[in-house]
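A.B. asks: Pasting the sequence and the predicted model now:
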Amino acid sequence: MLKQPFPSKNLKRNSRKINVEFDRKFLDFIFLICCNLNRN
């Protein structure tokens with residue numbers, strides 16, 4: 001019973017890390033699109 005909270009905490013931490021990486025990629029993607037639009 002006592003050991004159970006730890007995996008869920010780790011899962012939450014991992015999912016947060018994944019979300020941060022996704023946000024970074026998404027922002028980079030938007031930035032590239034904006035640069036391309038500005039060139040034209």
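C.D. replies: Great, that's in hand.
A.B. asks: burial count for residue 33?
C.D. replies: When neighbours are counted by other CB atoms under 10 Å, residue 33 registers 10. The C-beta positions use only the backbone N, C-alpha and C, and glycine is treated the same way.
A.B. asks: and if you look at residue 20?
C.D. replies: A count of neighbours around residue 20, defined by other CB under 10 Å, yields 10.
A.B. asks: what pLDDT does it get?
C.D. replies: Per-residue confidence at residue 20 stands at 83 (pLDDT).
A.B. asks: Report the contact partners of it.
C.D. replies: Residues touching residue 20, when contacts are defined by CB atoms under 8 Å, 6 or more residues apart in numbering, are absent altogether.
A.B. asks: Which strand or helix spans it?
C.D. replies: helix 5-39 (DSSP states H and E).
A.B. asks: quick check, distance from that helix to the centre of its chain.
C.D. replies: Using CA atoms, centre = their mean, to the nearest Å, the distance from the centre of helix 5-39 to the centre of the chain it belongs to is 2 Å.
A.B. asks: Give me the buried positions along it.
C.D. replies: Along helix 5-39, not one residue counts as buried under the neighbour rule (16 or more other CB atoms under 10 Å).
A.B. asks: Now do residue 33, the pLDDT please.
C.D. replies: You'll see residue 33 listed with a pLDDT of 92.
A.B. asks: which residues touch it?
C.D. replies: Neighbour list for residue 33: empty [criterion: CB under 8 Å, 6+ apart].
A.B. asks: From residue 23, how far out is it?
C.D. replies: Note on residue 33: its distance to residue 23, by CB to CB, to the nearest Å, is 16 Å.
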